[in-house]
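In: this one's sequence-less:
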């Protein structure tokens, strides 16, 4: 299944789900991950391996971390080749002063927004969907 590419359909179909956990970003040296870690995302960079994981897990492993955030999953199955979907959403969140760190998975996009701003971000996403549903 390749996912939706049409921006208008993606925005009309936009719905979001908030994860229960509080997440953080951390980094560990290149190489195998410490035993027992199960990060939501890993990204290998020249300086080390970036992890997105629940704060409780980071603290249990003694990892320095930053950016306490909430994960919002966009439940529409978006194509990795969709043009403008995340840009549109990020622009709307930026207009409200909400930073966002998006991560695209094979089926869905995930937005990491600052802890305490998740309700506002969800409201903006609902507003975007409503605007495009009324145009259909």
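Out: The structure has been received and is ready for your questions. Source: prediction; values computed, not measured.
In: now the residue lying closest to residue 48 once chain neighbours are set aside: which helix or strand?
Out: With Cβ to Cβ, 6 or more residues apart in numbering as the measure, residue 27 is the residue that lies nearest to residue 48, at 4.4 Å, once sequence neighbours are left out. C-beta coordinates here come from the backbone N, C-alpha and C atoms, glycine included. Element membership of residue 27 [criterion: DSSP states H and E] is strand 16-28.
In: list the buried residues of that strand.
Out: 16, 23, 24, 25, 26, 28 (16 or more other Cβ atoms under 10 Å).
In: need those residues in CSV with distance to residue 90 and pLDDT, can you?
Out: Rendered in CSV, the data for the buried residues of strand 16-28 read as follows (distance: Cβ to Cβ, whole Å; pLDDT from 0 to 100):
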residue, distance to residue 90, pLDDT
16, 14, 96
23, 18, 98
24, 20, 98
25, 17, 98
26, 23, 97
28, 27, 95
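In: for the helix ranked longest in the chain, which helices and strands make contact with it?
Out: Among all segments of the chain classified by DSSP state H, the helix with the greatest residue count is helix 118-135. Packing partners of helix 118-135 (3 or more Cβ pairs under 8 Å, 6 or more residues apart in numbering; DSSP states H and E): helix 7-12, strand 16-28, strand 65-74, helix 85-95.
In: work out the gap between the strand or helix carrying residue 111 and the centre of the chain.
Out: Here residue 111 sits within strand 109-114, counting by DSSP H and E. Put simply, strand 109-114 sits 3 Å off its chain's centre (Cα atoms, centre = their mean, to the nearest Å).
In: residue 106 contacts residue 80, correct?
Out: Yes. Using Cβ atoms under 8 Å, residue 106 is in contact with residue 80, at 7.1 Å.
In: circling back: outside of the longest helix of the chain, which residues touch it?
Out: Identification of contacts with helix 118-135 by Cβ atoms under 8 Å, 6 or more residues apart in numbering yields 8, 11-16, 18, 70, 72, 74, 88-89, 92-93, 96, 98, 100, 111, 113.
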